[in-house]
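**Student:** Dropping the sequence and predicted coords here.
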Amino acid sequence: MARGDLTDEQWARLEAVLPPLPRMGRKPRDRRQCFDGIWWRARTGSPWRDVPERYGPWETAYTLFRRWQIDGTWARVLKKLQVKADAAERHPGCLYKRDKRGVTTAHQAGQGP
């Protein structure tokens, strides 16, 4: 696992809300490897062709990313993750959090100097 790749816990949460694998056609590449490639590209802002080889062919990551963008999969996955985070009251990486009373508080990292 490279720096910035999803941890096992993060992957388990994400995998639970991903759409099922298609039943037809050839077996797809490792989804986690492909997703880490998409995530690497999103984090760095680099061109698709610069996605490191450890994530598989850049074309595979781009094709999956684009397909899910067009068919709305990314929006559905985000919605499911948000619902689960709201239910568990976990919002990792967020600067603000709502408590049970609906009060919004700043995370410690969001405090000014």
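**Tutor:** Alright, I've got the coordinates. Numbering: from 1, shown residues only.

**Student:** helix or strand right after the strand or helix carrying residue 9?
**Tutor:** According to DSSP states H and E, residue 9 maps onto helix 8-15. Going down the chain from helix 8-15, the next helix or strand is helix 31-44, by DSSP H and E.

**Student:** Report the inter-axis angle for that next one versus helix 8-15.
**Tutor:** Taking axes from the mean of the first three to the mean of the last three Cα atoms, to 10 degrees, helix 31-44 and helix 8-15 form an angle of 100 degrees between their directions.

**Student:** before we move on, the earlier item: tell me which residues in the helix holding residue 9 are buried?
**Tutor:** Of all the residues in helix 8-15, those buried under the rule 16 or more other Cβ atoms under 10 Å are 11, 13, 14. C-beta: built from backbone N, CA, C; applies to glycine.

**Student:** looking at it, the second one is touching residue 81, isn't it?
**Tutor:** Yes: in this structure, residue 13 is within contact of residue 81 by Cβ atoms under 8 Å, at 7.1 Å.

**Student:** sorry, back to before: would you list the buried residues of helix 8-15 in a markdown table and tack on distance to residue 46 and pLDDT?
**Tutor:** Converted to a markdown table, the buried residues of helix 8-15 look like this (distance: Cβ to Cβ, whole Å; pLDDT from 0 to 100):
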| residue | distance to residue 46 | pLDDT |
| --- | --- | --- |
| 11 | 22 | 87 |
| 13 | 26 | 86 |
| 14 | 22 | 86 |
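
**Student:** Relative to residue 36, which of those is nearest.
**Tutor:** Checking the buried residues of helix 8-15 against residue 36 by Cβ to Cβ gives residue 11 as the nearest, at 8.7 Å.

**Student:** Could I get the contacting residues of the closest one?
**Tutor:** Contacts of residue 11 were listed using Cβ atoms under 8 Å, 6 or more residues apart in numbering, and they are 32, 35.

**Student:** What separation is there between it and residue 78?
**Tutor:** Using Cβ to Cβ, to the nearest Å, residue 11 is found at 16 Å from residue 78.

**Student:** cool, and residue 43?
**Tutor:** With distances defined as Cβ to Cβ, the gap from residue 43 to residue 78 amounts to 16 Å.

**Student:** tell me, which helix in the protein spans the most residues?
**Tutor:** Of all the elements of type helix in the chain, the one with the most residues (DSSP state H) is helix 73-88.
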